[in-house]
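A.B. asks: next come a sequence and a model predicted from it.
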Amino acid sequence: MEKFEKLNGIVVPLDRSNVDTDAIIPKQFLKSVERTGFGPNLFDEWRYLDHGEPGQDNSDRPLNPEFILNHDRYHGAQILLARDNFGCGSSREHAPWALVDYGIKVIIAPSFADIFFNNCFKNGLLPIVMEQAVLDGLFQQTADTDGYRLLVDLEAQTISPPDGEPIAFEVDSFRKHCLLNGLDDISLTLEHVDDIRAYEQRRKQEAPWLF
Amino acid sequence: MSAKTLYDKIWDAHMVRCSEDGTALIYIDRHLVHEVTSPQAFGGLRLAGRVLWRQSANLAVPDHNVPTTHRDQGISDPVSRIQVETLDQNCEEFGIQEFSMLDPRQGIVHIVGPEQGATLPGMTVVCGDSHTSTHGAFGALAFGIGTSEVEHVLATQCLIQRKSKNMRVCVEGVLPMGVTAKDIALAIIGRMGTAGGTGYVIEFAGSVVESLSVEGRMSLCNMTIEAGARAGMVAVDQKTIDYVQGRPFSPTDDQWDQAVLAWADLHSDSGAVFDAEFVLNATDVEPQVTWGTSPEMVVPISGKVPDPDEETDSVKQSAMKKALDYMDLEPGTAVVDIKPDKVFIGSCTNGRIEDLREAAAVVGHSQVAANIKLAMVVPGSGLVKRQAEQEGLDKIFLGAGFEWRDPGCSMCLAMNADRLEPGERCASTSNRNFEGRQGQGGRTHLVSPAMAAAAAIAGHFVDVRNGDDDI
């Protein structure tokens, strides 16, 4: 997994609640057996005016000019502002894969759906939970300022607006450690092979019907 | 020892190790695998040269992409076909038991698991699918995971987790006639909101939950994820044990006796402390119908489509307006005046035998209304289909003008050929009414199987408790 330390990026505001994983990456793209290539179909049904199918050349599809990601001023955005319950719905990891493939590295929202939140950390994508009032301010500043950027510092756990005080955020210490160092969960767990085997031996005695 | 919740007990019993910061390594007893979220996980194992930790903990079945007609002719969509074939190849290579597409035991993973006894009380059950919460009905800790975690389980039989908080949802009173577990689930989500359960594992309790059949409890736990919770669960009782006994993967002989003894402890201790409590009095709950594009956008059948102008929260108001626009509905419209174009009975929420019986009882000798373009019944598994046919339910549906299909996820998420066309409206027994969920531009109204059947016959939503001149 790619390390995440600091990011200074353009911010794009997606001002709607309950953005679900079907919206983030529609089901027809889940048929892929790969982990990459989902970026052009991120938010496919909102982003394009026609119906998208896997394997299609997306470069000549008609864009929906009203959709926020299609506005010129947000071109190259890496930080997504979102509303409550972002990423609700299915467990598809294709949702964070599509966001990462598009170039999004940080999502800031008042709340995230649980499975999506977990999936983000496995893919070097940092989801930040931010209280509503602070987020409202960021939405406002993004709307008011062309090319609005934020500096996200994971080590310091702060988000810094261009001319404002750094805003602190919370992050689970283990997940922070993994993101900062680009660590792979499986390698970490396999350091505890003896513990897993000891557990299995004990459980075979206690609950043999599980084996 | 202090009083524990059911979740505390299962969590503690599965803890392999725990770091000082509370990050725990949790052992997984059962891993269910399907074709959509597993190929990249198997690919990852192969790439890293890792082996499968424990073959017998895994059970695989293709369900999302499979066709529900003419299955003997294979899958016509080449991309879907490759995904299903990839599952077959991965299971063969890694030695995982699979019920392949033409196996009579094939079906939706969350229906197959319990049906086979592969889901047992007290287990930790995971699957790369959010509706894994279904299995909590057995007093199991069951939750959906992403593909990286699927790979993690394949490689280590464990997951790195932090413990969620405990919530108890008590459903008290008596379930009125014609009101089902699905209506209870929707009523809870309507009140709690789709993020109401975020950060929690919910234990469903109370007189109504105790009175529900195990299948009803599965429908309720299935929808827990739509309330944002990590998992939903119900304490083990005699109904649970009766359901599990004699199934292919269930323990037998001495091990059965030993298991039943152990399962007697699978309930929250009296005095156990929950971080949050929520109470619903079922006596006042009517059959529910969703009107919008989130499961929390739900009203009783006697209700009307709400008016966004009466909502004070601006973000919610904007979401309501977007939903009404997408659903092509006017505020104030009576729910009974909404006319679906299609009716879908099936899914991991409502594709079990009791669901089909409930729908068939409403259909009786009636006919599907002329304005319904398609009414389809998709049994949750091959064994559910066979049971329904033995009971003659297929004849009732076919006689009324429903299509009787082969098992799979089908139009719950429209990954196969079963889908809504843009603008079509559906009465659906599935679990999500998101934009485009049942097909791009499709409009979903979530209901119980009885309500879906009643809408198919009447040609519009109708209170299944009162009947209708059209039924």
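C.D. replies: Looks like it arrived, so ask away. Numbers count the residues shown, from 1 in each chain, chains lettered A, B, ... in the order given.
A.B. asks: from now on I want contacts and neighbour counts done on CA atoms only, so please keep to that.
C.D. replies: OK.
A.B. asks: what ranges do the strands span in chain A?
C.D. replies: Under the criterion DSSP state E, chain A carries strands at the ranges A:6-13, A:79-81, A:106-109, A:126-129, A:149-153, A:158-160, A:167-168.
A.B. asks: can you check the stretch 1-150 of chain B too?
C.D. replies: In the stretch 1-150 of chain B, the segments counted as strands under DSSP state E, counting those that start in this stretch are B:15-18, B:24-27, B:30-33, B:58-60, B:97-98, B:124-127, B:141-144.
A.B. asks: and among the ones you listed, the most buried is which?
C.D. replies: Using mean count of other CA atoms under 10 Å in any protein chain shown, the stretch among the strands of the stretch 1-150 of chain B with the largest mean neighbour count is strand B:141-144, at a mean of 29.
A.B. asks: give the rounded mean pLDDT of that one.
C.D. replies: Strand B:141-144 shows a mean pLDDT of 98.
A.B. asks: so which residues make contact with that strand?
C.D. replies: Here strand B:141-144 makes contact (CA atoms under 8 Å, 6 or more residues apart in numbering or on different chains) with A:91, A:115, B:7, B:10-11, B:122-136, B:230-233.
A.B. asks: give the residue spans of chain B that score low on pLDDT.
C.D. replies: Residue ranges of chain B with pLDDT under 70: B:1, B:467-471.
A.B. asks: distance from the longest helix anywhere in it to the middle of the chain?
C.D. replies: With secondary structure taken from DSSP state H, chain B has its longest helix at helix B:78-94. Relative to its parent chain, helix B:78-94 has a centroid offset of 24 Å by CA atoms, centre = their mean, to the nearest Å.
A.B. asks: so what touches it?
C.D. replies: Residues from elsewhere that reach helix B:78-94 (CA under 8 Å, 6+ apart): A:31-33, B:34-36, B:38-39, B:42, B:52, B:55, B:60, B:62, B:65-66, B:74-75, B:97-98, B:100, B:416.
A.B. asks: repeat that for stretch B:250-265.
C.D. replies: By CA under 8 Å, 6+ apart, the residues outside stretch B:250-265 that reach it are A:207-209, B:116-118, B:120-122, B:236-237, B:241, B:244-246.
A.B. asks: for it, list the C-alpha coordinates in CSV.
C.D. replies: The C-alpha trace of stretch B:250-265 is given here as CSV (Å, rounded to 0.1, in the frame of the first residue of the first chain):
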residue,chain,number,x,y,z
SER,B,250,-24.4,-28.9,11.5
PRO,B,251,-22.7,-31.0,14.2
THR,B,252,-24.1,-34.4,14.9
ASP,B,253,-24.1,-36.9,17.8
ASP,B,254,-21.9,-36.0,20.8
GLN,B,255,-20.7,-32.8,19.2
TRP,B,256,-24.3,-31.7,18.7
ASP,B,257,-25.1,-32.2,22.4
GLN,B,258,-21.9,-30.4,23.3
ALA,B,259,-22.8,-27.5,20.9
VAL,B,260,-26.4,-27.2,22.2
LEU,B,261,-25.0,-27.0,25.8
ALA,B,262,-22.6,-24.2,24.8
TRP,B,263,-25.2,-22.3,22.8
ALA,B,264,-27.4,-22.0,25.9
ASP,B,265,-25.1,-19.2,26.9
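A.B. asks: check which residues of it are buried.
C.D. replies: Going by neighbour count (16 or more other CA atoms under 10 Å in any protein chain shown), the buried part of stretch B:250-265 is B:250-251, B:256, B:258-260, B:263.
A.B. asks: can you tell me the SS state at B:Ala229?
C.D. replies: Under the three-state scheme (DSSP: H, G, I helix; E, B strand; the rest coil), B:Ala229 adopts coil.
A.B. asks: who's in contact with it?
C.D. replies: B:Ala229 sits next to A:114, B:195-202 when contact means CA under 8 Å, 6+ apart.
A.B. asks: let's go with 10 Å and repeat that
C.D. replies: Each residue near B:Ala229 by CA atoms under 10 Å, 6 or more residues apart in numbering or on different chains is listed here: A:113-115, B:133, B:143, B:164-165, B:167, B:194-202, B:223.
A.B. asks: do B:Met123 as well
C.D. replies: Taking CA under 10 Å, 6+ apart as the criterion, B:Met123 is in contact with A:210, B:10-11, B:13-14, B:27-30, B:135-136, B:138-142.
A.B. asks: so how far is B:Leu329 from it?
C.D. replies: As judged by CA to CA, to the nearest Å, B:Met123 and B:Leu329 stand 44 Å apart.
A.B. asks: isn't A:Ser90 up against A:Ile115?
C.D. replies: Yes: counting by CA atoms under 10 Å, A:Ile115 is a contact partner of A:Ser90 at 8.1 Å.
A.B. asks: between the two, what contacts are shared?
C.D. replies: Taking CA under 10 Å, 6+ apart as the criterion, A:Ser90 and A:Ile115 both touch B:129-130, B:144-146, B:225.
A.B. asks: of those residues, closest to A:Gly137?
C.D. replies: Closest approach between these and A:Gly137, by CA to CA: B:Ile225, at 30.6 Å.
A.B. asks: tell me who's in contact with that closest one.
C.D. replies: Shown in contact with B:Ile225 (CA under 10 Å, 6+ apart): A:88-90, A:113-115, B:130-134, B:143-144, B:189, B:194-195, B:197-198, B:201-202, B:231-232, B:431.
A.B. asks: take those residues and keep only those in helices.
C.D. replies: With helices defined by DSSP H, the entries of those inside them are A:114-115, B:189.
A.B. asks: dump these to JSON lines, plus neighbour count and distance to B:Leu420.
C.D. replies: Shown next, in JSON lines, are those (neighbours: other CA atoms under 10 Å in any protein chain shown; distance: CA to CA, whole Å):
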{"residue": "A:Asp114", "neighbour count": "25", "distance to B:Leu420": "29"}
{"residue": "A:Ile115", "neighbour count": "25", "distance to B:Leu420": "27"}
{"residue": "B:Ile189", "neighbour count": "25", "distance to B:Leu420": "25"}
